[in-house]
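**Student:** structure of the sequence below:
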Amino acid sequence: MIARAVLADRIARLGRDSRGVSILEFALILPILITLGLYGTELAYMATINMQVSQIATSVADNASRLGQTDNSSVTPTVTEDQISSVIKGALVEGNAFDFETNGRIILSSLEKNGATGGQYIHWQRCSGSLAKNSAYGKQGDSVTAMGTSGHTVTAPSGSAVMYAEVYYQYQPLFGTMFTSNTQFHQEAAYVVRDDRNLTPGVTGTSGTNSCS
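**Tutor:** Predicted coordinates:
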């Protein structure tokens, strides 16, 4: 009887003991906190990568628009394959941290006014990156109405050109497919050529390796 009384007393005391409640509650909530933390980290990383993809598009279009500015000859400069390759290689270096060259694609087009028809066309186009993507507007030699998304279209002025960059990137998640899958970023940028440029021959030189075919 005494043993039963002692056991009953201990069970009653155990029922009143709340010293482990906080630890138990923390153990129950910990998986939720970890999941939210990982999800927040993934979202922040996605935003960072998307911003960097946008910066690549801007730098490609901007740098391409400046080609020939340092040419001091009396002859209006053309754009060479080497110059375009330098612009694109610089952009690929920007994306080294997230393996852009393997999972991305740069498409640089020269949007110009067709002197014969008065319309717009893609005079030349160069690409780089292993991602299989084509321009959303057409290929080299195609006639187009304009380039750009609805409400943000651009056309080339007479006697000049617009350097139009399209950049795609297949996002590589930090935590696999836990929070996201098959996410592709797409950014565009356009700059009018900054200086006189001889547009007639298109791209000169023979050492280019950035064909879109």
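**Student:** counting by contacts, list what the host helix or strand of residue 109 packs against.
**Tutor:** Residue 109 belongs to strand 104-113 when assigned by DSSP states H and E. The helices and strands touching strand 104-113, judged by 3 or more Cβ pairs under 8 Å, 6 or more residues apart in numbering; DSSP states H and E, are helix 21-65, helix 81-94, strand 120-128, strand 161-170. Every residue, glycine included, has its C-beta placed from N, CA and C.
**Student:** need the winner for burial among the ones you listed.
**Tutor:** strand 161-170 (a mean of 25; mean count of other Cβ atoms under 10 Å).
**Student:** pLDDT-wise, which helix or strand of the chain ranks last?
**Tutor:** Sorted by mean pLDDT, DSSP states H and E, the helices and strands of the chain end with helix 2-16, the least confident at a mean of 65.
**Student:** secondary structure of residue 201: a helix, I assume?
**Tutor:** No: using DSSP: H, G, I helix; E, B strand; the rest coil, the secondary structure at residue 201 is coil, not a helix.
**Student:** tell me where the model's unsure across this protein.
**Tutor:** Along the chain, segments meeting pLDDT under 70 span 1-21, 69-75, 207.
**Student:** what sits against the closest residue to residue 171 other than its chain neighbours?
**Tutor:** Among residues not flanking residue 171 along the chain, residue 183 sits closest, at 4.1 Å (Cβ to Cβ, 6 or more residues apart in numbering). Residues in contact with residue 183 (Cβ atoms under 8 Å, 6 or more residues apart in numbering) are 46, 170, 171, 173.
**Student:** biggest separation within the residues you listed, which pair?
**Tutor:** Distance extremes for those: the farthest pair is 46 and 170 at 12.5 Å, using Cβ to Cβ.
**Student:** re the thing from before, sheet partners, orientation included, of the strand holding residue 109?
**Tutor:** Strand 104-113 has these partner strands in its sheet, going by DSSP bridges: strand 120-128 (antiparallel), strand 161-170 (antiparallel).
**Student:** let me have those in TSV, extended by distance to residue 114.
**Tutor:** Listed next are these as TSV, based on distance: least, Cβ to Cβ, whole Å:
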stretch	distance to residue 114
strand 120-128	5
strand 161-170	12
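**Student:** so which of the ones you listed comes closest to residue 80?
**Tutor:** Of the strands paired with strand 104-113, nearest to residue 80 by Cβ to Cβ is strand 120-128, at 11.5 Å.
**Student:** ok, residue 110 touching residue 125?
**Tutor:** Yes: here residue 110 reaches residue 125: they are 7.3 Å apart, a contact under Cβ atoms under 8 Å.
**Student:** please report how far the nearest residue to residue 136 once chain neighbours are set aside lies from residue 199.
**Tutor:** Closest residue to residue 136 apart from its sequence neighbours, by Cβ to Cβ, 6+ apart: residue 166 at 6.5 Å. Going from residue 166 to residue 199 by Cβ to Cβ, to the nearest Å gives 20 Å.
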